[in-house]
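Q: coordinates only, no sequence provided:
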């Protein structure tokens with residue numbers, strides 16, 4: 001299995017706009033070698049904004065039709081309070097670092 005980073009962000013978030021390019025650079029550098037994947041979980045208010053912002057990202061995303069269900073559950077289960085943030089999950093789906101965004105910076 002892979003390690004997964006659940007990336008919670010949105011196009012309207014200024015901090016996210018600054019953080020996404022840093023994360024993309026790291027992702028492109030190590031995701032193949034480190035057995036690591038990022039899944040974007042948007043906090044955008046509408047699908048067109050999310051689609052446009054996602055074009056800047058090299059990873060996969062949670063489908064728009066799952067944001068209100070699975071996306072909100074993931075945010076709550078990983079004990080998130082703000083965006084941008086990344087929660088790291090191990091191959092057994094255990095949250096191993098709920099605030100990995102600080103480590104990535």
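A: Yes, it's here. Fair warning: this is a prediction, and the values are worked out from it, not measured in the lab.
Q: stretch 6-13: which residues count as buried?
A: When burial is assessed from 16 or more other C-beta atoms under 10 Å, stretch 6-13 yields the following buried residues: 6, 7, 8, 9, 10, 11, 13. For every residue, glycine as well, the C-beta is placed using N, CA and C.
Q: now do it: distance to the chain's middle.
A: Relative to its chain's centre, stretch 6-13 lies at 7 Å (C-alpha atoms, centre = their mean, to the nearest Å).
Q: and for stretch 14-28?
A: The chain centroid and the centroid of stretch 14-28 are separated by 10 Å under C-alpha atoms, centre = their mean.
Q: not counting it itself, show me its contacts.
A: 7, 9-11, 36, 38, 53, 56-59, 83-84, 86, 101, 104-105 (C-beta atoms under 8 Å, 6 or more residues apart in numbering).
Q: just the buried members of these?
A: A residue is treated as buried here by neighbour count (16+ other C-beta under 10 Å); on that basis the buried members of the contacts of stretch 14-28 are 7, 9-11, 36, 38, 53, 57, 59, 83-84, 86, 101.
Q: now do the helices in the chain.
A: When assigned using DSSP state H, the helices of the chain occupy the ranges 14-30, 47-54, 72-77, 101-104.
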